[in-house]
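Colleague: Provide a 3D model corresponding to the input given below.
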Amino acid sequence: MRHVGTQTLETPRLVLRRLLPEDAPAMYRNWASNPAVTRYLRWEPHKDVLETCALLTAWSVLYQNPDYYQWAMVEKDTGELIGSISLADGRAGEPESVRAWAERGADLAEGIWEPGYCIGQPWWNHGYTTEALQAVVDYWFVKAEGSWLACCHALENPASGAVMQKAGFVYDHDAVYHKFDGTPVDCHVYRLTRAEWAAHKRKELF
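Modeller: As a prediction, the model looks like this:
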């Protein structure tokens, strides 16, 4: 594979671009401060817009790295920032995940790359997250020439699993992941190999 960093992507309804510190007010307002949005995520709602700005400032430095992938979801019709989507190597955060994939014979030489996403509550159930995930998955296999992806969702959040399945991900196993404060979360874990992605793309044509 070859890391290509966070490049701007377009879908029929979205522009996926880098997040900037000046996006802090919209991010805080539209999703980062909402407990309903962060309920199944690893991080807690932001206490104020300064916390959001500090995070985006830290992220802006990371964009110089070719293996850093973090996009804003921007609605084309309105220009509104409605969510975010990323790709991150999960090897460091969850040793249990490394063991589980190793036991299944997965190739870990390039990492365990996992999409993560969140979107503001007013934009739920409109297909935006699926649209963004499909674009990021295509980018991974075409531009970055990756060989596979992993993805997981809390058992109590089947809507996230539906997004994964629509993007071609296949259920693989159950696991327990942890929030940043150590809280355990029972999860379904999915995979998407290059062959499975190609088969899913062919299926979309018919």
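Colleague: For residue 67, give me phi and psi.
Modeller: phi -100, psi 20 (degrees, to the nearest 10).
Colleague: Span of stretch 152-162 from start to end?
Modeller: Length of stretch 152-162, first residue to last, C-alpha to C-alpha, to the nearest Å: 11 Å.
Colleague: Going forward, count from 21.
Modeller: With the count now opening at 21, the last piece we talked about shows up as stretch 172-182.
Colleague: what does that stretch rub up against?
Modeller: Applying C-beta atoms under 8 Å, 6 or more residues apart in numbering, the contact partners of stretch 172-182 are 59-60, 134, 144, 184, 194-195, 197, 205-210. C-betas here are computed from N, CA, C, even on glycine.
Colleague: how about it: buried residues?
Modeller: Within stretch 172-182, the residues that count as buried by 16 or more other C-beta atoms under 10 Å are 172-174, 177, 180-181.
Colleague: That stretch: how far from the chain's middle?
Modeller: Centre-to-centre, stretch 172-182 and its host chain are 13 Å apart (C-alpha atoms, centre = their mean, to the nearest Å).
Colleague: Could you do stretch 210-224 as well?
Modeller: Distance of stretch 210-224 from the chain centroid (C-alpha atoms, centre = their mean) equals 17 Å.
Colleague: The lowest-mean-pLDDT helix or strand in the chain packs against which elements?
Modeller: Among the helical and strand segments of the chain, the one scoring lowest on mean pLDDT, DSSP states H and E is helix 115-123, with a mean of 86. With contacts taken as 3 or more C-beta pairs under 8 Å, 6 or more residues apart in numbering; DSSP states H and E, helix 115-123 sits against strand 190-198.
Colleague: from the buried residues of stretch 172-182, which is closest to residue 138?
Modeller: Among the buried residues of stretch 172-182, residue 180 lies closest to residue 138 (C-beta to C-beta), at 9.6 Å.
Colleague: Mean confidence (pLDDT) on the helix or strand harbouring that closest one, please.
Modeller: Element membership of residue 180 [criterion: DSSP states H and E] is helix 178-186. The average pLDDT for helix 178-186 rounds to 96.
Colleague: No more questions from me, cheers.
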